[in-house]
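Student: next one to model:
(3 chains)
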Amino acid sequence: MSEATGLRQPKKASADLFRKLGVEPVPDNEKVQEAIRHLDDFRFRVRSFVMAMESCVKCGACAEACHTYLGTRDPNNIPAGRVDLIRKAYKRYFTVQGQLFPGLVGAQDLDLETIEKWYSYFYQCSECRRCAHVCPFGIDTAEVTFIARQILYWLGIAPQLHAATAEAILRTGNHMGLTKAGIEDTLEFLAEEIEEDYDGLKVEFPVDKPNSDILYVPSSADFMLNPNTLKGAAMFFKYVGANWTISSEITEAGNFGYLSDQSRIQREMVTRLFREATKLGVKKIVWGECGHGWRAAKMYPPTVSDLPGVKRIPITHIHDEVEAYIKAGRLELDPKRNDRKVTLHDPCNYARACGHSDNMRVIMNAVVPKGAFVEMKPSREANFCCGGGSGILFDDPDMYQFRILASNKKAEQVRETGADTLCAPCSICKAQLYPMVKEHKLPVEVVGLIDLVGHALVFRD
Amino acid sequence: MPFVEVEGKQIEVDEDGFMVDPSQWWPGWAHYVAKQEGISELTDRHWQVIEFLKDYYAKTGIAPMIRKLCKESGIPLKEMYELFPTGPAKGACKCAGLPKPTGCV
Amino acid sequence: MDLIIGQILPYTAAVVFIGGVTWRIWRWMIPRIVHNITLSPWPASWSAAIVWILWQFATFWNLLKFDRPLWAGAWFMHIALFLMLGGHIAAFYTVGLQFHLMAPGIITPEMSLALSDWIGTVLGLIFLVALLYLLGRRLVNEQVRNISSASDFLHLFLLIGIAALGNIMRLFPDYHLGYAPVREYLAGLFLFNPQPLPDHTLFIMKYTLVMTLMIVFPFSKLMHSFGFFWERWIVNRPYKEPARGLPGARLQLRK
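Tutor: Model prediction:
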């Protein structure tokens, strides 16, 4: 916990790092005024924010819906309670009742202490939208988290992890700071692995290949932690004979800008994507396994790629394409190769924001033997977050402890299925679940979904 | 950015104590980090990992894929976690003077 | 007294209520729905979206699915409230003959009055019981108590007061007040032809509470009745998927 405040807070980025990102941290004595100014601005711009501020009846239905609250039992982690950290100030400054009777209606002056609470609790929210799914009004408290994090960022407050990742984005176009040399070397290594493991199968991983038809955008974490996801995708492209490439300028399916600075870094990523796609002359962009980044790429470009010179190119997810090929009967798959009892963790952004509940199941049922796939309860759009959603993958001891608590519900769900394989087709989920299955002593292996596809594909020529 | 003093040298580090400029690396740095990471003594096996990481980083500018690290350094993943309890991506990279990995790790 | 409560307050309450609600909705319309943040699985079309929103509205579907104890209180409270609002308008307008006017051949005026009495009594009781249940829940359930502020309780007290007074007037003949005198008074208000308030203490108390509620309404969470539609309009909208298929691939979806 932060010594100054007694709050659970991730390590903050330094002022120097913020300056590298082009943000001059706001001095403490001006933070409150600045925050109020930003809130005032947002309430005239973003309706989802205003409705979240003004429609809640405090019925409490969201409490049991939130894995963070279930894990911590901290009232500030009840979605309605968390939003109240902002709503109290909103009422105080922008509503008649809050100006006249603050005590009665729960309005409060904003102070530095509350801003520190924002930092603590809006970085415990994983923006999973389960509360929006459950709320009788559909109030989306993730919209409030977005705005809280954005204001904090402008004040010069963000986790070291998010700020350092933003810096890597500006420098290299991906979260991990991958260089072209590193990308090529890793892919060469994977091509060798495929050749060894699949009877001399020769698969190419083209990088920055001009005149490609398809740009595949993998998660940069796949280059360190999830090699089988990269391999599965390449094997699928090989199977269908696609003219595809990976771009070293945008080797990133994620978008940490979306998670802390939507105003600039998120746009930077989208702009970069379309610029590269145009340069390479591709006709379609296919997305890799990443949840938040897929939401940012699928749902946001119409409203964030409005910068001059940006040409929008159709984007689909690799799951969409594999599903379509399976449904068309164009893939020969041998489910026996994945003879294991597997359960599927629905990444929040796929299930509740991108409409992927069905396509993941079409694929799953085609790549594992009949009866080998067990559903979690609840699943699909009612599924619980892994506990790491929105990149809260902090490793300082106190926050790591929090991650374990926030994944209590997930661990319970997985254990009940009795599966030996946990399929979690999202890089944040994977990064959260690799350590979590160990901490909760779950006897499962964490894999991606495309990993299973690649492994089941039957090559005939 | 903060500085730490190791063997009389002022070394600039990031918020998590990772070395900012890898060219400053010398073996004393690895000993210093090992102590912080709860590693009592750096064995030959540790050095094998550290040397591989350093070379790979010098060549490519990134940390290697974990599977590649295991395969090419000849140290299985399980042993890797015994050598570096916080994992190859964090503990081992820190010893070798590589930057802390960012993003979804 | 008669002038203030009987003539000035009603017009004030009506103006504040209508003006306040309009102003709040006007304010909601200024900020934009910036991105498509629909919740998936999303409706296939706008008509499907509207059906879904109305279904949620009529059944409190999410509460039924995820928080049944809350649903039991909330749904019955709201249904009773809506039916009673309609019942008050119909009964005062027709002096209790609404059912007779709907089906003149079948229902006699006496039957209509009895029906109006009977339905009103049952709904009034359901309303009061449901409100007390919701109040109890807010007090007993730690999570809900934690996120409540004083106004959340005051709204409940206000509604409970209105419901209790209404029930006393219904259940105890000594305190009963017929439709006719109220109709006469209300008609005066609507036609700008002032009539004295019925001389009935409980009625005046209840009437004052109702006008208080109307004044509080636009400045409170009670706006959720409209907010529901504005919020769902944002999170339940259709989305059109891009076409599948990999241009230039050797193996195409269709042979």
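Student: all helices for the stretch 1-150 of chain C, in order.
Tutor: In the stretch 1-150 of chain C, the helices defined using DSSP state H, counting those that start in this stretch lie at C:9-29, C:46-59, C:61-66, C:68-94, C:98-102, C:109-140, C:142-146, C:150-171.
Student: give me the nearest residue to residue B:102, chain neighbours excluded.
Tutor: Computed as C-beta to C-beta, 6 or more residues apart in numbering or on different chains, the closest residue to residue B:102 that is not its neighbour in sequence is residue A:165, at 4.2 Å. The way it works is simple: take the backbone N, C-alpha and C, and place the C-beta from them, glycine included.
Student: how far does stretch C:31-48 sit from the chain's center?
Tutor: 25 Å (C-alpha atoms, centre = their mean, to the nearest Å).
Student: stretch A:436-444 too?
Tutor: Worked out by C-alpha atoms, centre = their mean, stretch A:436-444 lies 22 Å from the chain centre.
Student: would you indicate which residues of that stretch are buried?
Tutor: A:436-437, A:440, A:442, A:444 (16 or more other C-beta atoms under 10 Å in any protein chain shown).
Student: do stretch A:366-382 as well
Tutor: The neighbour-count check on stretch A:366-382 (16+ other C-beta under 10 Å) flags A:366-369, A:372-374, A:376, A:379-382 as buried.
Student: what does chain B have sitting close to chain A?
Tutor: Taking C-beta under 8 Å from any C-beta of the partner chain as the criterion, chain B approaches chain A at residues B:1-2, B:14-16, B:59-68, B:86, B:89-90, B:99-105.
Student: try it again at 10 Å.
Tutor: B:1-2, B:14-16, B:18, B:56-57, B:59-69, B:71-72, B:81, B:86-90, B:99-105 (C-beta under 10 Å from any C-beta of the partner chain).
Student: check what pLDDT residue A:358 gets.
Tutor: We have a pLDDT of 97 for residue A:358.
Student: now for whatever helix or strand it lives in, which elements pack on it?
Tutor: Element membership for residue A:358 (DSSP states H and E) is helix A:357-367. For helix A:357-367, the packing partners by 3 or more C-beta pairs under 10 Å, 6 or more residues apart in numbering or on different chains; DSSP states H and E come out as helix A:318-327, strand A:342-344, strand A:373-374, strand A:421-423, helix A:449-456.
Student: point to the residue nearest the middle of the chain.
Tutor: No chain was given, so I picked chain A. Among the residues of chain A, the one closest to the centroid is residue A:292, at 2.8 Å (C-alpha atoms, centre = their mean).
Student: that's the other chain; I wanted chain C
Tutor: Central residue of chain C (C-alpha atoms, centre = their mean): residue C:82, 5.3 Å from the mean position.
Student: tell me the contacts of that residue?
Tutor: Residues near residue C:82 by C-beta atoms under 10 Å, 6 or more residues apart in numbering or on different chains: C:123, C:225.
Student: which helices and strands does the longest helix anywhere in chain B pack with?
Tutor: Assignment by DSSP state H gives helix B:44-60 as the longest helix of chain B. On a contact count with 3+ C-beta pairs under 10 Å, 6+ apart, helix B:44-60 meets helix A:180-197, helix B:27-36, helix B:66-73, helix B:77-83, helix B:93-95.
Student: and the residue nearest to residue A:326 when sequence neighbours are not counted, what does it touch?
Tutor: Computed as C-beta to C-beta, 6+ apart, the closest residue to residue A:326 that is not its neighbour in sequence is residue A:366, at 4.9 Å. Applying C-beta under 10 Å, 6+ apart to residue A:366 gives the contacts A:322-323, A:325-327, A:331, A:333, A:335, A:452-453, A:456.
Student: whichever of those residues end up buried, select them in PyMOL.
Tutor: Typed into PyMOL, the line below selects the buried ones among the contacts of residue A:366, using 16+ other C-beta under 10 Å:
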select buried, chain A and resi 322+323+325+326+331+333+335+452+453+456
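Student: residue contacts, the residue of chain B found nearest chain C?
Tutor: With C-beta to the nearest C-beta, the shortest gap between chain B and chain C falls at residue B:104, namely 22.2 Å. Applying C-beta under 10 Å, 6+ apart to residue B:104 gives the contacts A:161, A:165, A:175-176, A:219-222, A:224-226, A:252-254, A:256, A:290-293, A:388, A:391, A:393, A:426-432.
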